[in-house]
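> I'd like to go over a predicted model; first the sequence, then the structure.
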Amino acid sequence: MRVLFAASEAAPLIKTGGLADVSGALPAALHRMGVDVRVLLPGYPQVLKALSSLQQIARFTGLPGYPDANLLRGAFPNGVPVLLVECPELYQRGGGIYQDEHGVDWTDNAQRFGLLSKIAAVLGSADSPLEWKPDVVHCNDWQTGLAPAYLHFANDAAPCVMTVHNLAFQGIFPPQTTVELGLPAQCFQMEGVEFYGSLSFLKAGLYYANHITTVSPSYAKEIQMDALGSGLQGLLASRRGILTGILNGIDTDEWNPAADPHLAYSYNAADLRGKSPNKRELQRRMGLHIDPEVPLIGLVCRFTHQKGMDVVLEAVPQLLALPAQMALLGSGDATMQRAVLELSHHYSGRMGAFVGFDEALSHLIEAGADMFLMPSRFEPCGLNQMYSQRYGTPPIVHATGGLIDTVMDCNDASLACGDACGFVFDRMDATGLLDAARRAVATYHDKKTWRQVQLNGMAKDFGWSQSAAAYHRIYSSLLRR
């Protein structure tokens with residue numbers, strides 16, 4: 001089976017968020033299964049610099065609405081082939097891959113990611129300049145959302161899968177962009193790419209795709225309802241027959257407490273003694289009082305409303321009064337960043353914070369914290385709650401999306417059947433969060449029960465093999481159809 005996997009970012013070459021983790025790990029898992037998968041990415045400067053022995057294999061000229069571009073071939077460090085769209089006019093620039101150095105969206109993002117979509121569609125059609133033609137084109141989020149639309153109007157096109165990693169980001173552009181990027185004018189209607197008077201890249205993908213997936217079973221249900229449907233709930237509900245929720249996996253080599261180079265001490269489920277010195281190192285690094293007995297709550301996330309940071313900030317005084325310590329890492333909303341730093345100064349020794357991103361520190365927090373806080377208002381899948389369980393750090397999570405799919409609340413029934421692995425709250429406010437935190441702290445002081453909760457989480461298989469097999473079944477079903 002041949003699969004073209006199109007995305008705007010993929011780890012370890014270029015990463016801004018969870019999409020990159022999936023785009024690096026899922027193709028690798030498919031590759032191990034014997035799938036002939038190739039990842040299509042924009043030729044950002046960072047990616048071109050990271051890859052050696054690049055070979056030009058095609059050139060695209062005269063694509064309506066787009067500058068000329070080259071197609072380069074290279075490979076990830078793990079051997080998975082990667083195809084790069086080399087177009088200096090659109091990708092050779094400073095700043096970020098979606099925004100400039102001031103955090104403002106690039107004004108030509110429609111062209112930048114329209115070109116990525118267009119070339120994905122060309123490669124999946126009879127017009128491809130390559131001998132290799134995919135059996136399936138797999139698109140990801142709005143940045144490749146036009147590919148299913150282009151494929152719909154192409155000659156002898158491969159079927160396509162559209163994966164939604166976060167429905168809240170849709171790629172909205174002025175209506176005239178539809179024709180400017182070479183799509184038929186008749187596309188711009190409710191039964192097409194039109195979304196409240198604008199062009200939506202994501203809606204295009206959802207409307208024209210042959211199959212839709214999202215990154216957890218619960219999120220697949222939630223996005224068909226008004227609260228989390230982002231205006232697309234009607235379309236998604238009408239296509240529920242081809243909508244599948246597949247839980248993301250994690251890189252179990254990178255996130256392995258027995259072999260993690262970022263930790264002060266390694267450990268595993270058979271010997272958890274290494275968590276204590278990691279806690280001590282985390283307390284030292286975050287300026288916290290060195291205290292092995294007080295429970296330490298870790299948090300690594302974007303400081304945004306979606307992630308529930310406003311609720312965390314409100315609850316900090318009461319969380320620390322449990323008593324507990326807190327170690328926070330992240331960045332985002334400027335007001336929230338200031339509030340986090342002010343609170344860490346006010347509660348010096350009890351709350352430590354680092355604003356920014358530090359890969360090593362994120363690993364140390366997972367290992368050194370006793371429990372991990374993840375109170376997202378909505379969470380398509382989430383990865384940190386899986387990392388924390390693998391590291392013997394039971395998560396405290398809001399009951400939404402992938403969080404509820406991966407964390408079984410600790411109670412008498414779940415303890416009895418061996419499923420308890422964290423603490424879940426339904427009420428999305430400070431009261432709900434604090435109730436769950438109090439339960440977690442009480443359980444922490446019951447050492448026998450706490451150890452069982454830790455081991456239950458560490459025993460789970462969060463690798464990519466099951467998820468990759470689920471995608472493979474969808475690809476196969478499209479070919480049979």
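Sure thing, it's come through.
> Buried by neighbour count: which residues of the helix or strand containing Val453 qualify?
Taking DSSP states H and E as the definition, one finds Val453 inside helix 447-458. Using 16 or more other C-beta atoms under 10 Å as the test for burial, helix 447-458 gives 450, 452-454, 456-458. Heads up, the C-betas are built off the backbone N, CA and C, glycines and all.
> Equivalent analysis for stretch 6-18, please.
Buried residues in stretch 6-18 (16+ other C-beta under 10 Å): 6-11, 13-15, 18.
> Just those residues: which are in helices?
Gly18 (DSSP state H).
> Val355: which of the buried residues of stretch 6-18 is nearest?
Lys15 (19.0 Å; C-beta to C-beta).
> returning to that earlier point: gap between the helix holding Val453 and the chain center?
Distance of helix 447-458 from the chain centroid (C-alpha atoms, centre = their mean, to the nearest Å) equals 27 Å.
> ok, which stretches of the stretch 351-481 of the chain are strands?
Assigned by DSSP state E, counting those that start in this stretch, the strands in the stretch 351-481 of the chain fall at 351-355, 371-374, 395-398, 423-425.
> Mean neighbour count, the ones you listed: which tops it?
Greatest average neighbour count among the strands of the stretch 351-481 of the chain goes to strand 395-398 (a mean of 27), per mean count of other C-beta atoms under 10 Å.
> Can you give the contact residues for it?
Strand 395-398 is contacted by residues 297, 308, 371-377, 379, 382, 384-385, 388-389, 403-404, 407, 421-426, 428, 432-433, 436-437, 440, 457 when judged by C-beta atoms under 8 Å, 6 or more residues apart in numbering.
> Tally up the residues packed near the closest residue to Gln318 other than its chain neighbours, please.
In space, and not counting its chain neighbours, Gln318 is closest to Leu434: 5.5 Å by C-beta to C-beta, 6 or more residues apart in numbering. Leu434 sits with 19 neighbouring residues when counted by other C-beta atoms under 10 Å.
> shouldn't Leu434 be in contact with Ala321?
No - with contacts counted by C-beta atoms under 8 Å, Leu434 stays clear of Ala321, the gap being 9.8 Å.
> Which neighbouring elements make contact with the helix holding Val453?
helix 384-390, helix 412-417, helix 430-444 (3 or more C-beta pairs under 8 Å, 6 or more residues apart in numbering; DSSP states H and E).
> which among the buried residues of stretch 6-18 gets closest to Asp68?
Ala6 (19.4 Å).
> In contact with the closest one, which residues?
Contacts of Ala6 (C-beta under 8 Å, 6+ apart): 39-40, 116-117, 120, 137-140, 144, 147.
> Type out the PyMOL command that picks the buried ones from these.
Command for PyMOL that selects the buried part of those, burial taken from 16+ other C-beta under 10 Å:
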select buried, resi 39+40+116+117+120+137+138+139+140+144+147
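> List the buried residues of the one helix or strand Glu314 maps to.
Assigned by DSSP H and E, Glu314 falls within helix 309-320. Neighbour counts over helix 309-320 (16+ other C-beta under 10 Å) mark 309-316, 319-320 as buried.
> Could I get the average pLDDT for stretch 302-312?
For stretch 302-312, mean pLDDT is 97.
> what's the answer for stretch 258-272, then?
97.
> got the end-to-end distance for it?
10 Å (C-alpha to C-alpha, to the nearest Å).
> Could you measure from Asp358 over to Leu328?
12 Å (C-beta to C-beta, to the nearest Å).
> and what of Tyr207?
From Tyr207 to Leu328 the distance is 40 Å (C-beta to C-beta).
> Present the buried residues of stretch 6-18 as CSV; the columns should include distance to Ala185 and pLDDT.
Formatted as CSV, the buried residues of stretch 6-18 follow (distance: C-beta to C-beta, whole Å; pLDDT from 0 to 100):
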residue, distance to Ala185, pLDDT
Ala6, 25, 98
Ala7, 29, 98
Ser8, 27, 98
Glu9, 31, 97
Ala10, 34, 97
Ala11, 38, 92
Leu13, 37, 95
Ile14, 34, 95
Lys15, 37, 91
Gly18, 36, 85
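> For Val37, which three-state class applies?
strand (DSSP: H, G, I helix; E, B strand; the rest coil).
> Then Trp132?
coil.
> quick one, what contacts it?
Contacts of Trp132 by C-beta under 8 Å, 6+ apart are 2, 36, 38.
> Near the closest residue to Leu243 other than its chain neighbours, how many residues? Count them for me, please.
In this structure, Leu243 finds its nearest non-sequential neighbour in Ile212, 4.7 Å apart by C-beta to C-beta, 6+ apart. The tally of other residues near Ile212 (other C-beta under 10 Å) stands at 26.
> Ile212 is in what secondary structure piece?
Ile212 belongs to strand 211-214, assigned by DSSP H and E.
> what mean pLDDT does the helix or strand following that strand have?
Per DSSP H and E, strand 211-214 leads on to helix 217-222 as the next helix or strand towards the C-terminus. Regarding helix 217-222, the rounded mean pLDDT is 98.
> chain center to helix 217-222: distance?
Using C-alpha atoms, centre = their mean, the offset of helix 217-222 from its chain centre is 15 Å.
> Give the other helices and strands that that helix contacts.
Helix 217-222 packs on strand 243-245, helix 401-406, going by 3+ C-beta pairs under 8 Å, 6+ apart.
> What are the boundaries of the helices in the stretch 51-200 of the chain?
Taking DSSP state H, counting those that start in this stretch as the criterion, the stretch 51-200 of the chain contains helices spanning 88-91, 109-123, 146-152, 177-180.
> Between the ones you listed, which one is closest to Leu479.
helix 146-152 (15.0 Å).
> what about the residue lying closest to Phe76 once chain neighbours are set aside, how many residues close to it?
Once flanking residues are discounted, Phe76 sits nearest to Val82: 5.8 Å by C-beta to C-beta, 6+ apart. Number of residues near Val82 (other C-beta under 10 Å) recorded here: 20.
> more crowded one of Asp358 and Leu328?
More crowded of Asp358 and Leu328, by other C-beta under 10 Å: Leu328, with 26 against 14.
> could you say what helices and strands the one helix or strand that one maps to packs with?
For Leu328, the host element (DSSP H and E) is strand 325-332. Applying 3+ C-beta pairs under 8 Å, 6+ apart, one finds that strand 325-332 contacts strand 296-303, helix 309-320, helix 334-346, strand 351-355, helix 359-368.
> To His102, which of these lies closest?
helix 334-346 (12.7 Å).
> List phi and psi for the nearest residue to Glu9 once chain neighbours are set aside.
Leaving out its chain neighbours, the residue that sits closest to Glu9 by C-beta to C-beta, 6+ apart is Ala20, at 4.2 Å. Main-chain dihedrals, Ala20, degrees, to the nearest 10: phi -60, psi -40.
> Distance of Gly43 relative to Phe60?
12 Å.
> Please identify which of those two sits among more neighbours.
Set Gly43 next to Phe60 and count neighbours by other C-beta under 10 Å: Gly43 wins out with 23 against 20.
> which residues sit in contact with Pro175?
188, 194, 197-199.
> So which of the residues you listed is surrounded by the most neighbours?
Leu199 (29 neighbours).
> ok, that one to Tyr471 distance?
Counting by C-beta to C-beta, the gap from Leu199 to Tyr471 is 28 Å.
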